[in-house]
Every structure is written in structure tokens, then in C-alpha cells.
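Enquirer: Fold the following.
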Amino acid sequence: MNIFTLFPTPIGKVSDFITDDERLELIKSIKDTKHAEHGAIKGDGFSTFHTSFNGLDKNIKDRLEQQVNDYAKIYGMEPNLKINNLWSNIQNEGSVLEEHSHPDSHVSGALYINVDDSCFISFHNPNPYIYFTTIDDRNPFNYEWQNILVNNGDLILFPSWLKHGNHRDINRMNGRIVISFNTYKYFICEKNEEE
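Expert: Coordinates of the predicted model:
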């Protein structure tokens with residue numbers, strides 16, 4: 001029998017995206033930034049999503065945008081995406097990141113600043129009909145969600161429409177820190193030569 005893998009969803013992972021020195025500097029900057037409650041984090045967790053986080057230097061931001069645009073090419077998008085909002089999340093033991101997506105964005109990302117070996121990101125199967133059939137043997141064709149283990153310094157990129165987070169995944173560490181971001185399509189306007 002021939003098997004066609006229809007509608008795959010690419011997830012990008014860049015290990016050791018930042019150096020340990022950069023990571024430690026970001027931890028300090030994030031801890032010095034005021035965080036508030038965020039609806040996607042239940043329990044003991046806080047975010048700068050509704051305020052702002054400006055602790056990312058231009059070098060790291062430029063490198064992030066380069067990775068985003070490399071990913072966009074693989075995904076089939078024109079590589080002219082820019083980061084338009086960026087925030088930090090701090091979760092403590094017992095907190096949960098609820099299932100959500102990132103509307104009004106093309107590619108989203110998560111940069112893992114302080115995690116331990118229990119940490120991962122959970123992505124949900126975008127097929128809304130997966131629950132209509134009883135499955136006896138779980139495999140990549142029928143998972144309801146898939147977890148990707150993450151380490152300090154890892155960058156994960158994904159299409160913004162893809163739901164992630166899971167109310168069943170309870171954070172097991174204190175001080176779990178992630179920088180997340182969204183992107184927009186940057187249009188370069190060419191000057192009309194007649195003007």
C-alpha cells in the first residue's frame with residue numbers, strides 16, 4: 001500500500017540559539033521587568049504580554065528574524081517577516097499554559113531561557129476530526145498532541161495558527177522562563193521613478 005503524508009506542519013527547532021552568557025543576561029533582564037497575570041497562564045505564572053519587554057538586544061533580535069525568515073521559506077512564505085511583538089513568561093511549579101494560538105501573526109516562536117529536563121512545548125493536531133474515531137494504536141497520524149522537549153537556549157518556530165499549550169501539562173519547576181514572539185509581513189515599498 002502507498003501512504004501519502006498529507007498536510008504536514010513544519011516545526012522548526014534551533015538548538016543553542018543563544019550562548020549561555022546571553023541567556024544569563026536575559027534572565028537578569030527578565031527578572032528586572034514587571035510581569036502581570038496573563039489569561040493563557042493558569043496558576044503561579046506571569047507575563048509581559050500586556051505590558052512590554054524590551055530586554056532583547058538588536059543582535060539577538062536580528063538573529064531571530066533571520067531564523068524566522070529561513071523557516072518562512074521552508075513553509076512556503078515570502079521571507080520578509082519582522083517581529084512585531086515580543087514578551088516574556090515566567091511560570092512556577094503547578095502552573096499551566098492553556099491551549100491557544102497567535103492570531104494576527106504569520107510565524108510565532110518561543111526562545112527557552114530557563115528550563116529543566118521536564119520542560120517541553122505541546123502542539124495540538126490541527127485536524128478537528130481526529131476525535132471522531134476511536135484509535136487503538138497512537139502514531140504520528142493520529143496523535144491529539146505532540147510534545148517537543150526543549151533545553152536552555154532552544155528556539156522553536158511554528159505557524160501562528162497552530163494551537164499549543166495543554167491544560168493537562170502541569171509545570172514542574174519554579175522560574176521557567178520563555179520569551180515568545182509574533183511576526184508580521186514587512187512590505188518594502190519601491191519608490192516610483194517618475195516621482
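
Enquirer: Quick check: phi and psi at Tyr131.
Expert: phi -80, psi -10 (degrees, to the nearest 10).

Enquirer: That one contacts Glu144, correct?
Expert: Yes: with contact defined as Cβ atoms under 8 Å, Tyr131 reaches Glu144; the gap is 7.4 Å. C-betas here are computed from N, CA, C, even on glycine.

Enquirer: Doesn't Ile113 lie inside a helix?
Expert: No: remark: Ile113 does not belong to a helix; assigned using DSSP: H, G, I helix; E, B strand; the rest coil, it is strand.

Enquirer: Pull up the gap between it and Tyr129, please.
Expert: Note on Ile113: its distance to Tyr129, by Cβ to Cβ, to the nearest Å, is 37 Å.

Enquirer: Looking only at neighbour counts, state which of those two leads.
Expert: Using other Cβ atoms under 10 Å as the criterion, Ile113 and Tyr129 rank with Ile113 on top: 24 against 7.

Enquirer: That one contacts Leu26, doesn't it?
Expert: Yes: using Cβ under 8 Å, Ile113 is in contact with Leu26, at 5.2 Å.

Enquirer: Can you get me a residue count around Glu93?
Expert: By the measure other Cβ under 10 Å, the count of residues near Glu93 is 14.

Enquirer: contacting residues for it?
Expert: Asp44, Asn171, Arg172, Met173, Asn174 (Cβ atoms under 8 Å, 6 or more residues apart in numbering).

Enquirer: Do you have the strands of the chain handy? List them.
Expert: Ranges of strands in the chain, per DSSP state E, are 12-14, 41-42, 45-47, 81-91, 96-97, 107-114, 120-124, 145-149, 155-159, 176-185.
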